[in-house]
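A.B. asks: this one's structure only:
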């Protein structure tokens, strides 16, 4: 079996590379045609070029991308989609119309997808699903999905070998939040909690690493809450800059209401940062509450503030949590090798193609 694959995504270059690398390593994959507005080039990857005017315009560009996928879908043995926003729907429709198997990569929460009737239908019809962890596998089964499912993580080999050690002198921020500034990351709730902490810790410092469509609103809230001297907007960071930002922080905090398995938490834990995260996605599997970090319920007023103060008041516990998180990631590195993830992909692709040939969708 040799496969020609269409891959539909809207990810950043870093995230796209993480998703594609194990597929590229498979001998059964001849090439992968990438349907994304922005150009991207790599081994076996063929970006499906859009006109210049379509690349610049979001709505027109997405319509053009979908039209190209519909027109060319019969060229492929399989369509793979990162099920974020409408990419999974594009793949589902193209596969349905052209009678091609579709694998949906669910990189967020299954419950959130099932709450949207269109997204739910797209996943239900998939010939196979790739998910970020066992919690998502269980949720798919709970909703009655009967197609093949595989846990497909992102390749990760640990922090760079040249990464400098964190020292008291390197610390510039008490907290760092590495997340796009969008609704799902709940920055406004985070800022309210930091404002509450400020009554006890007037000099608390929070770094926000990321950009997004809500940045102006978040900046306005920083001013409204009197946090101008406490919050730093770092913007988009390349890899060396991001590593330096981790090294400059005491702890990572993530206030999301919607996640899969965020790599920022993996990266921070691997560097020995204690983490404060919400109980969403695969985070309850990754982070042991009270051992390698602190978990709170989303939008539980005061919960983030209490967690921040707890780490601040007890540096020894914070250090122990960071060390436990480092050990947790070290134990998982074998599962996140490219070769291991590639093998999971091979099994899933073979099962999905066989499932499609029998005419079976994900639900009976």
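C.D. replies: That came through, no problem. What you see is a predicted model; the values in this text were computed from it and never measured. Residues are numbered from 1 along each chain as shown.
A.B. asks: show me what contacts residue 345?
C.D. replies: When contacts are counted by CB atoms under 8 Å, 6 or more residues apart in numbering, residue 345 touches 22-23, 26, 130, 150, 152. (Each C-beta comes from the backbone N, C-alpha and C, glycine too.)
A.B. asks: Weed out the non-buried ones from those residues.
C.D. replies: Listed as buried from the contacts of residue 345 are 22-23, 26, 130, 150, 152; burial here means 16 or more other CB atoms under 10 Å.
A.B. asks: May I see the buried residues of the longest helix along the chain?
C.D. replies: Ordering each helix of the chain by length in residues (DSSP state H) puts helix 338-357 first. Residues 341-342, 344-346, 348-349, 351-353, 355-356 are the ones in helix 338-357 that count as buried (16+ other CB under 10 Å).
A.B. asks: for the record, mean pLDDT for it?
C.D. replies: Averaging pLDDT along helix 338-357 yields 93.
A.B. asks: ok so, going back, closest one of the buried residues of helix 338-357 to residue 161?
C.D. replies: residue 341 (21.3 Å; CB to CB).
A.B. asks: which residues sit in contact with the closest residue to residue 258 other than its chain neighbours?
C.D. replies: Closest residue in space to residue 258, ignoring its immediate chain neighbours: residue 184 at 4.0 Å, by CB to CB, 6 or more residues apart in numbering. Residues near residue 184 by CB under 8 Å, 6+ apart: 256-259.
A.B. asks: okay, and for this protein, where does confidence drop off?
C.D. replies: Along the chain, segments meeting pLDDT under 70 span 55, 162-164, 359-364.
A.B. asks: which residues in it form strands?
C.D. replies: 3-8, 29-35, 45-47, 78-82, 102-106, 128-131, 149-151, 173-178, 206-209, 231-235, 249-254, 275-278, 293-296 (DSSP state E).
A.B. asks: so what does the second one touch, helix or strand wise?
C.D. replies: Looking back up the chat, that one is strand 29-35. Under the contact criterion of 3 or more CB pairs under 8 Å, 6 or more residues apart in numbering; DSSP states H and E, strand 29-35 touches strand 3-8, helix 13-24, strand 45-47, helix 58-72.
A.B. asks: any idea which of the ones you listed is most buried?
C.D. replies: strand 3-8 (a mean of 23; mean count of other CB atoms under 10 Å).
A.B. asks: For that strand, which strands pair with it and how are they oriented?
C.D. replies: Paired neighbours of strand 3-8 in the sheet (DSSP bridges): strand 29-35 (parallel), strand 78-82 (parallel).
A.B. asks: how far off helix 338-357 does the shortest one point, in degrees?
C.D. replies: For strand 78-82 against helix 338-357, the angle between stretch directions is 120 degrees (axes from the mean of the first three to the mean of the last three CA atoms, to 10 degrees).
A.B. asks: Distance from strand 78-82 to the middle of the chain?
C.D. replies: 17 Å (CA atoms, centre = their mean, to the nearest Å).
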